[in-house]
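Peer 1: 3D model of this:
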Amino acid sequence: MKQAIGIDLGGTNVKGILLDQQGNILHQHIIPTKDDADGKWRDNVVAIVDHLKKLSVGPVDVIGLSCPGLTNAKNTCIIQLPKRLEGLINFDWEDLFKIKTVVINDAHAALIAEAKFGALQGYKNAVLLTLGTGVGGGILINGELYQGQHQMAGHFGHTSINPHDDELSIIGMPGSLEYAIGNYSIERRSLGRYKSTLELVNGYRENNPFATWLWLDSVRKLSLSLASIGNSLSPEVIVLAGGITQAGDCLLKPLKDFFSMYEQWPSDKNTPVLLAKFSDLSGAIGAAAFAFSKI
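Peer 2: A predicted model of the protein is given here:
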């Protein structure tokens, strides 16, 4: 039985799993990232790998590492990530672990997890968006992850909803989807009234007028992005992942209403919008599955 370790390196936690080729999680382990200027967060990644190795029955065949940022063409390291995880850029993980190690963008990993074992099983052409601190995404074409030139494909968070908005994304895009719905901007968008999207959604549930306006405005902008993606790529299905999807029907119901206004399909057709099967472990699962594909 082949085994892979999947690591999801996030800003808050490092999540690790031991996975077999059937998608069974044999063991899992989570510890804080402790992202600091000294780059000591690497010690926590090593600690998770060592812990899972001890629990494995037989040798670990490959390691998959999921993290934010852009990978190189060989998927061996991250080559671009602004202002986070000091020391990650160009770091050689395979040299550290002495096991074949494959590195993948975290949203791309989430897509692979859903395609192999989750909501995208059976689909050949699909799109996934991760809605959390920011907005990421991935594209499935003919059953395969499409990474695009420089592994940048699927960064839907940096599409522009309002080019006249002075607020810029981290890559300089005005009026981005990421700013419109990402958790990182909620305090600014709410004029300091809400510190998280969860607080905003709770205000919406309580029929607070300001929360209702702000939440529905964010969801409408998300629907515009989904319609634009649908018009451009014509996927079989769109899947939403990430912490903001915990809003459940508060997200899906208004989203589908707005989406039906904007998507251009014959009257008897539509693009299904589904929630992902996996939540916090999707990056680790997808990283391990991607690593299996490389051996």
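
Peer 1: enumerate every residue touching the residue nearest the centre of the chain.
Peer 2: Central residue of the chain (Cα atoms, centre = their mean): Ala107, 3.1 Å from the mean position. Contacts for Ala107 (Cβ atoms under 8 Å, 6 or more residues apart in numbering) come out as 128-130, 136-138, 154-155. Backbone N, C-alpha and C define where each C-beta goes, glycine included.

Peer 1: recalculate using a threshold of 7 Å.
Peer 2: When contacts are counted by Cβ atoms under 7 Å, 6 or more residues apart in numbering, Ala107 is found next to 130, 136-138, 154.

Peer 1: what helix or strand is it on?
Peer 2: helix 106-117 (DSSP states H and E).

Peer 1: quick one: pLDDT of the residue nearest to the centre of the chain?
Peer 2: pLDDT for Ala107: 93.

Peer 1: how about Gln264, secondary structure?
Peer 2: Of the three states, Gln264 takes coil under DSSP: H, G, I helix; E, B strand; the rest coil.

Peer 1: so what pLDDT did it get?
Peer 2: Confidence score, pLDDT, at Gln264: 74.

Peer 1: tell me the contacts of the nearest residue to Ala287 once chain neighbours are set aside?
Peer 2: Distance criterion Cβ to Cβ, 6 or more residues apart in numbering; nearest residue to Ala287, sequence neighbours excluded, is Gly64 at 3.3 Å. By Cβ under 7 Å, 6+ apart, the residues touching Gly64 are 4, 6-7, 102, 104, 287-288, 290-291.

Peer 1: how about Ala109?
Peer 2: 66, 282-283, 286-287, 290.

Peer 1: just Ile139 next, same as before
Peer 2: 127, 146, 153-154, 233.

Peer 1: what do you get if the cut-off is 10 Å, keeping everything else the same?
Peer 2: Under the criterion of Cβ atoms under 10 Å, 6 or more residues apart in numbering, the neighbours of Ile139 are 108, 111, 125-128, 145-148, 153-154, 156, 229, 233, 235.

Peer 1: so how far is Ile17 from it?
Peer 2: In this view, Ile139 and Ile17 are 24 Å apart by Cβ to Cβ, to the nearest Å.

Peer 1: show me where the stretch 51-200 of the chain has its strands.
Peer 2: With strands called from DSSP state E, counting those that start in this stretch, the stretch 51-200 of the chain shows them at 62-67, 70-71, 78-80, 101-105, 126-131, 135-141, 144-146.

Peer 1: listing partners with orientation, what would you give for the second one?
Peer 2: It refers to strand 70-71. strand 78-80 (antiparallel) (DSSP bridges).
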